[in-house]
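A.B. asks: Pasted the sequence and its predicted model underneath.
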Amino acid sequence: MEKYLILALMVAFSAYAAKLGLTLASLRLREVLLTFIAYLAVFLLSGGLGKLLLKSDIVSVAKYGVLFHYVVALGLVAWVIGGWEAENKKSAYILSAPCPFCLLTISLSVLFISQMLDLDVILVAVYAYLIFAMLICLFVALGKVATINVPEVMLGSGVYYLVLLSVGRYYKDAVQVYNMAQKDAFPIPEKAFLILLLILVAVGMGFIRGVKSDG
């Protein structure tokens, strides 16, 4: 079970690193370095923040992890349909900053791994940050050489999460991981089909809007 939980956390880090890395690719080197320093501080403080969160009521909300993922995924798709431009520097700054849910995920993830592996929380935070930083560098480099716009990344991430959540109920390991948050969290097949249908509609709307913008 432990390896699947760690894998799930790494997948979450990877998805966020993709969004962040491709966003940073459009910024100057100084801004990129400042972002790396800011996230180092976030990871170093994450252990203490995680301990505080465990004592607060916010963790009771985190048990609805699957629902949170749906909201975030739909938000990503809606963001694209809204038509923000990748060249808009203000939007790049917004995307570079961790949202409250991302901060919660990082903090609880670092604390969870440190407790599970019986390691010092600062050491785990440093290792997690190094992995996160390497993933970001990979996607920054990719964003420099490939013509990938941030809206495309957001749309891809949103669709990825929605599909993953819809089919995850059919995989035992995925169900075990999510059941730690809430029992029977995955949607029934009929709802999963409806979600996939909504995904196709959302993607179609985003595509049509993109074609009109290019025309």
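C.D. replies: Okay, I see it.
A.B. asks: And for Ile122, the neighbour number?
C.D. replies: If you count neighbours by other C-beta atoms under 10 Å, Ile122 ends up with 15. For glycine as for every other residue, the C-beta is placed from the backbone atoms N, C-alpha and C.
A.B. asks: cool, and the one 5 residues further on?
C.D. replies: Around Tyr127 there are 15 other residues, counting by other C-beta under 10 Å.
A.B. asks: ok, it to Ala133 distance?
C.D. replies: 11 Å (C-beta to C-beta, to the nearest Å).
A.B. asks: Counting by contacts, list what the helix or strand where Phe132 lies packs against.
C.D. replies: In this structure, Phe132 sits in helix 121-145 according to DSSP states H and E. For helix 121-145, the elements it packs on are helix 2-24, helix 29-54, helix 100-117, judged by 3 or more C-beta pairs under 8 Å, 6 or more residues apart in numbering; DSSP states H and E.
A.B. asks: Would you mind listing the buried residues in it?
C.D. replies: Across helix 121-145, burial judged by 16 or more other C-beta atoms under 10 Å covers Val121, Val124, Ala125, Ala128, Tyr129, Phe132, Ala133, Leu135, Ile136, Phe139, Val140, Gly143.
A.B. asks: so who does the closest residue to the fourth one other than its chain neighbours touch?
C.D. replies: The shortest distance from Ala128 to any residue other than its chain neighbours is 5.6 Å, reached at Val110 (C-beta to C-beta, 6 or more residues apart in numbering). In this structure, Val110 makes contact with Phe43, Ser46, Gly47, Gly50, Val121, Val124, Ala125, Ala128, judged by C-beta atoms under 8 Å, 6 or more residues apart in numbering.
A.B. asks: Looking at those, which gets the smallest pLDDT?
C.D. replies: pLDDT across those is lowest for Gly50, at 65.
A.B. asks: Distance of the nearest residue to Gly47 once chain neighbours are set aside relative to Ile37?
C.D. replies: Once flanking residues are discounted, Gly47 sits nearest to Val121: 3.3 Å by C-beta to C-beta, 6+ apart. Going from Val121 to Ile37 by C-beta to C-beta gives 20 Å.
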